[in-house]
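Novice: Sequence and computational prediction follow.
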Amino acid sequence: MDYDIVIIGGGPGGYTAAIRAAQLGAKAALIEKDSLGGTCLNRGCIPTKTLYRNAEILNTLSKADDFGIYVEGLRFDIEKMQQRKENVINQLRGGIYNLLKANNVDIINGAGSLKDKNTVEVINADGTLEELTAKNIIIAAGSKPSKPPIDGADSEGVYSNEDMLNFKKVPDKLLIIGGGVIGMEFAGIFRSLGSRVTVIEFMPGILMQVDTDITKRYSVLLKKQGIDVYTSTKVSKIEKTGESFIVHTEGKKGEASFEADQILIAAGRSPLIEGLNIDKLGIFYDKKGISVDEDFMTNIEGIYAIGDVNGISMLAHAASHQGIHAVEKIMGINKENKSPIPGCIFVFPEIASVGITEEQAKESGLKYKTSKFLFGGNGKALALGETDGLVKVIASEDDVILGVHIMGPHASDLIQEGTLAVSMGLRTEEIRGIIHAHPTLSEAFHEAVLGIEGLGIHSMPVRKR
Ligand code: FAD
């Protein structure tokens, strides 16, 4: 069968690209070897956030007496939690299937590999072979969990994030290798479910991409939550002792060992390149991913690589954005690809950022201003009983908003106003004149922006000497 665009991989990058291609009148096929929705829907964003909600409810109930509500005999049912998670996934997966069908995208259930510049060979789920030809091919094959070379990492009971999502029992002692986004999200969820959680991180800090004003405060909260974090620490060996483990480490204070019932390896993800046959076509790639230009085209004309497989961002919304951009480019729509990519971290409380951090501003030698507004001064946050955290805004000397960093309730929803500001290059005075409804958490962003010009209403005035 001949197509305008053939897409390999049905994750958020691939399926979004397929729908956009169909909207623009292209004849499109989407090849998926596993389940529609990819890592994000089946093993990533959605299952973790469904479980995050369970954790959030438990955390709220654990402080119900602050609200004058007394809960006795609190217990939870893991089977039901898992069932709810599966229901959410199934509903969304069915929705993607229906959308693709309604847009006349051909869905091919099989594993695709490149035969030549215009041909994809598919081994269908039933074992038959099929060839699809296309003027343009988009590789959207995603990524897989990276496994650090640790002695004992292959032992039974050492989990990847994908195995961990299907837990049947809450471990008493969970040790997480990796203090990045995935590791810290699991730490928060399992601590809320009752595990004693230890995080071992090789780097000098956790969540290294986040502004340090946020990570410093988050580290204090982690201590309060009872999550132990060891940074600049390397796991040297995992030893299985019956049903549990001893994890040997080398850190700042020398060698140490930790007991654990379960281990989660959350040491990053690497592009899923195997099986695509990209070597045969001479497509350039390195260990971070397939190399692409600003339109996500590889060094081979007409072959694109979007989402996790190109290693640029490793976020679902970036994959979708890149898919749309590549398809539009193919269909003759030339647009600049300039939106900043917001990032959200579903820990307690949520963290979300967009644009530059203060460290990046310093490193680039930029003259900049910062302003912070604490959620403790926001009426809605007080009413919710969620006052931990802040909004931090970074602006240029002439008040253009360059970065927004939020830790606090609903940070993942609040960041969008910051994304709009950074993406449009808005100045603080343009946000200043916009009415923010009261009482809302969004007022904290407004106040942080006002603070750049020293005009915050609910902050103490800056003393003039
Ligand atoms: P994927 O979603 O990985 O999809 C690729 C698809 O291609 C897969 O379905 C795969 O089966 C298929 N495929 C691969 N090779 C072939 C082949 N040869 N033939 C046919 N099909 C093939 N991101 C966020 O933005 N927010 C979050 O909250 C978030 N949470 C996460 C939590 C976890 C635990 C994990 C692991 C990831 C999380 N992510 C999150 C990251 C997000 O899941 C990825 O960035 C996103 O899924 C990338 O989309 P993609 O389309 O590039 O690849």
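Specialist: Cool, got the structure.
Novice: Looking at the stretch 101-250 of the chain, which residue is nearest the ligand?
Specialist: Residue nearest to the ligand within the stretch 101-250 of the chain: Gly142 (2.1 Å; Cβ to the nearest ligand atom). Placement of C-beta: from N, CA and C, glycine included.
Novice: In contact with that residue, which residues are there?
Specialist: By Cβ atoms under 8 Å, 6 or more residues apart in numbering, Gly142 lies in contact with 9, 11, 13, 38-39, 271-272, 307-309, 319.
Novice: which of the residues you listed come close to the ligand?
Specialist: 9, 11, 13, 38-39, 272, 307-309, 319 (Cβ under 6 Å from any ligand atom).
Novice: Now list the buried members of the residues you listed.
Specialist: With neighbours counted by 16 or more other Cβ atoms under 10 Å, those contain buried members at 9, 11, 13, 38-39, 272, 307-309, 319.
Novice: Which one of these is nearest to Phe284?
Specialist: Val309 (12.9 Å; Cβ to Cβ).
Novice: which residues of this protein fall in helices?
Specialist: 12-23, 38-43, 45-62, 78-102, 161-164, 181-193, 212-225, 278-281, 316-330, 358-363, 379-384, 411-424, 428-432, 442-452 (DSSP state H).
Novice: Comparing those by mean pLDDT, which bottoms out?
Specialist: Least confident of these, judged by mean pLDDT, is helix 161-164 with a mean of 90.
Novice: Which residues does it contact?
Specialist: With contact meaning Cβ under 8 Å, 6+ apart, helix 161-164 is reached by 43-44, 48, 145, 182, 186, 264, 266.
Novice: likewise stretch 194-205?
Specialist: For stretch 194-205, contacts defined as Cβ under 8 Å, 6+ apart pick out 170-179, 183-184, 187, 190-191, 206, 212, 215, 226-235, 247, 249, 258, 260.
Novice: what's the spacing between the closest residue to Glu130 other than its chain neighbours and Ile96?
Specialist: Residue nearest to Glu130 in three dimensions, not counting chain neighbours: Val122, with 4.6 Å by Cβ to Cβ, 6 or more residues apart in numbering. Look at Val122 and Ile96: by Cβ to Cβ, to the nearest Å, they are 19 Å apart.
Novice: go on, His321?
Specialist: Separation of His321 from Ile96 (Cβ to Cβ): 17 Å.
Novice: Could you check which of these two is surrounded by more residues?
Specialist: Counting neighbours by other Cβ atoms under 10 Å for His321 and for Ile96 shows that Ile96 has the greater number, 24 against 21.
Novice: one step back: the residue nearest to Glu130: neighbouring residues, count only.
Specialist: Val122 has 22 nearby residues by other Cβ under 10 Å.
Novice: Show the model's pLDDT score for it.
Specialist: Confidence at Val122, expressed as pLDDT, is 98.
Novice: Give me every residue in this structure lying close to the ligand.
Specialist: Applying Cβ under 6 Å from any ligand atom, we find that the chain lies next to the ligand at 8-14, 31-34, 38-40, 43-45, 48, 111-113, 140-143, 161, 182, 272, 275-276, 307-309, 314-317, 319.
Novice: got the residue ranges for the strands in the stretch 251-400 of the chain?
Specialist: For the stretch 251-400 of the chain, the strands defined by DSSP state E, counting those that start in this stretch occupy 254-260, 262-265, 269-271, 285-286, 289-290, 303-305, 343-345, 351-355, 368-374, 390-396.
Novice: among the ones you listed, which is the most enclosed?
Specialist: Each of those was scored by mean neighbour count; the highest is strand 303-305, a mean of 27, by mean count of other Cβ atoms under 10 Å.
Novice: list the helices and strands that one packs on?
Specialist: Strand 303-305 is packed against strand 129-139, helix 316-330, with contacts defined by 3 or more Cβ pairs under 8 Å, 6 or more residues apart in numbering; DSSP states H and E.
Novice: Of those, flag the one that's most buried.
Specialist: Highest mean neighbour count of the helices and strands packed on strand 303-305: helix 316-330, a mean of 24 (counted as mean count of other Cβ under 10 Å).
Novice: Double-check Glu185 against Val347; I have them as touching.
Specialist: Yes: in this structure, Glu185 is within contact of Val347 by Cβ atoms under 8 Å, at 6.0 Å.
Novice: who's more crowded, the two?
Specialist: Higher neighbour count among Glu185 and Val347: Val347, with 26 against 22, using other Cβ under 10 Å.
Novice: right, and the more buried one touches Ile182 too?
Specialist: No: at 10.9 Å, Val347 and Ile182 do not qualify as touching, with contact defined as Cβ under 8 Å.
Novice: Give me the contact list for stretch 233-240.
Specialist: Residues outside stretch 233-240 that contact it (Cβ under 8 Å, 6+ apart): 148, 150-153, 155-158, 177, 200-202, 245-252, 255-256, 263.
Novice: now it, how far from the chain's geometric center?
Specialist: Taking Cα atoms, centre = their mean, to the nearest Å, the mean C-alpha location of stretch 233-240 is offset from the chain mean by 26 Å.
Novice: Take that stretch, keep the C-alpha atoms, and write them as CSV.
Specialist: What follows is stretch 233-240, C-alpha atoms only, in CSV (Å, rounded to 0.1, in the frame of the first residue of the first chain):
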residue,chain,number,x,y,z
THR,A,233,26.3,8.4,45.9
LYS,A,234,27.0,5.5,43.6
VAL,A,235,25.3,2.1,43.9
SER,A,236,28.2,-0.4,43.5
LYS,A,237,26.4,-3.7,44.1
ILE,A,238,22.9,-5.2,44.7
GLU,A,239,23.0,-8.3,46.8
LYS,A,240,19.9,-10.5,47.1
